[in-house]
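*Asks:* Requesting a structural model of the entry that follows:
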Amino acid sequence: MRNELQTDKPVLVLTDGLGDTDSWNQYLQRQQGLQGDPESVSWFKSPWLYVECYMYRRIQEAVWLNPPINNYDVFSEGKTQSFFESQQAVVALCTYLEGVKKNMDEISKNQLLEHFNKLLKVSLWGNKCDLSISAGQDNSQKTSPIESLISLQPFILVDDSNMVWSTLISAQRPRQSGKTTCGRVDIVLDNAGFELVTDLVLADFLVSSGLAHEIHFHGKSFPWFVSDVTAKDFQWTIQQTMAANHKWMSKSGVQWQSYLKEGVWSYHDHPFWTYPHEFCDMAADAPDLYATLQGADLVLFKGDLNYRKLTGDREWDHTVGFDTALRGFGPAPLCSLRTLKANIQVGLQPGQAMKLSSQDPDWMTSGKYAVIQFYGPNSEQ
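*Replies:* As a prediction, the model looks like this:
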């Protein structure tokens, strides 16, 4: 495969006969139809989003066709290392969460909003820990994530966290008993390791605070983009947290396992998440998944690849609205939590991108900047 990539060979059909093989080969035919010549769908001449996804699917094919290792995760060592090297930050986060939960009955709505904003932004900045960008080099979180938030605030280019909060509040509905029911939040995961812990902590807070009654996590069905979460990573992280030699970390892990057992949390890995398709194709190419997301009151999309698929990885003008770039995708109110590591960003103010380029030419790819970018079918962009 390396030779094919380096010498611009045509993209080949998959032959492993897995459940998604036909979908991948049909997508190749679609690309050939668009380019008008099968030979022109090659490593250098095809959309980067497509061939980058295809590379990871070819790695999966190579592993699958070698039975002694066909269930082996070639990226597992890096993900494991990232988790263990972030222990100090995980302990700080679980300790913070315990403090919030202990006083949950006494805190005001404004204090609840403050905690929500902090944990949403911890989950946002957790996205810096991406092994596919760092080429597998150490990218763990070593400092307290809560204490870093104030210094990181100026680097958030779009901050729609107030709209995310409003969406959660408006999903609460009064019942005849006098109590209120709250909504369902879906989290489309990105990286294992520290970032996954930040997502689990946010999800725990949403449930324990009454901002959500149910969380659906969406991960990958096979190892993908080096550090993306699989079902094995998800369960392993919870087990490791339970087994930790720290009171609040262990308590958090036990609570998370309990949420799964009770059905408050659930993990899903639809094959569409490891297709090369843009998300505007989802309603047509994975209508079951689109219908599933329509059942959510809010969908959080973590990370760069999800952002690229949301916006089609096109060279949009930076001031184009997020709603325009989604091109009709909108199963539910959604929000992208993303640190910038690819040459695409929409929804900026006029002149904002020019100013950033003059100050920092690598602003779109360094992981230094971030967005909390919201779209709601009834919101003004």
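*Asks:* Helix, strand, or coil at the nearest residue to Ser161 once chain neighbours are set aside?
*Replies:* What sits nearest to Ser161 in space, not counting adjacent residues and going by CB to CB, 6 or more residues apart in numbering, is Ile372, at 5.1 Å. (C-beta placed from N, C-alpha, C; glycine too.) Going by DSSP: H, G, I helix; E, B strand; the rest coil, the secondary structure assigned to Ile372 is strand.
*Asks:* any idea of the pLDDT on Ile372?
*Replies:* With respect to pLDDT, Ile372 has a value of 98.
*Asks:* That one and Leu157 touch, don't they?
*Replies:* No - using CB atoms under 8 Å, Ile372 makes no contact with Leu157, being 9.4 Å away.
*Asks:* neighbour count winner among those two?
*Replies:* Ile372 (23 against 20; other CB atoms under 10 Å).
*Asks:* Identify the neighbouring strands of the lowest-mean-pLDDT helix or strand in the chain in the sheet and state each direction.
*Replies:* The helix or strand of the chain with the lowest confidence, counting by mean pLDDT, DSSP states H and E, is strand 180-181 at a mean of 78. Paired neighbours of strand 180-181 in the sheet (DSSP bridges): strand 173-174 (antiparallel).
*Asks:* Just the CA coordinates for stretch 217-230, please, in CSV.
*Replies:* Extracted C-alpha coordinates of stretch 217-230, given in CSV (Å, rounded to 0.1, in the frame of the first residue of the first chain):
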residue,chain,number,x,y,z
PHE,A,217,-22.0,7.5,22.6
HIS,A,218,-21.1,6.8,19.0
GLY,A,219,-17.7,5.3,18.3
LYS,A,220,-15.9,3.4,15.6
SER,A,221,-16.4,-0.3,14.7
PHE,A,222,-12.7,-0.9,14.0
PRO,A,223,-9.4,0.9,14.7
TRP,A,224,-9.5,4.3,12.8
PHE,A,225,-7.3,7.4,12.4
VAL,A,226,-4.9,5.9,15.0
SER,A,227,-6.5,7.0,18.2
ASP,A,228,-10.3,7.0,17.6
VAL,A,229,-12.5,5.2,20.2
THR,A,230,-13.6,1.6,19.5
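*Asks:* what is the mean pLDDT for it?
*Replies:* Here the average pLDDT along stretch 217-230 is 97.
*Asks:* and what of stretch 246-264?
*Replies:* On average, stretch 246-264 scores 98.
*Asks:* Val229 contacts Ala192, correct?
*Replies:* Yes - with contact defined as CB under 8 Å, Val229 reaches Ala192; the gap is 4.8 Å.
*Asks:* which one of these two has more residues nearby?
*Replies:* Remark: of Val229 and Ala192, Ala192 carries more neighbours, 31 against 26, as counted by other CB under 10 Å.
*Asks:* If we ignore the residues flanking it in sequence, what's nearest the residue positioned nearest the centre of the chain?
*Replies:* The geometric centre of the chain, computed from its C-alpha atoms, lies nearest to Lys302 (CA atoms, centre = their mean), at 2.3 Å. In space, and not counting its chain neighbours, Lys302 is closest to Asp190: 3.9 Å by CB to CB, 6+ apart.
*Asks:* if I pick that neighbour, what's in contact with it?
*Replies:* Applying CB atoms under 8 Å, 6 or more residues apart in numbering, we find Asp190 in contact with 127, 130, 228-229, 302-306.
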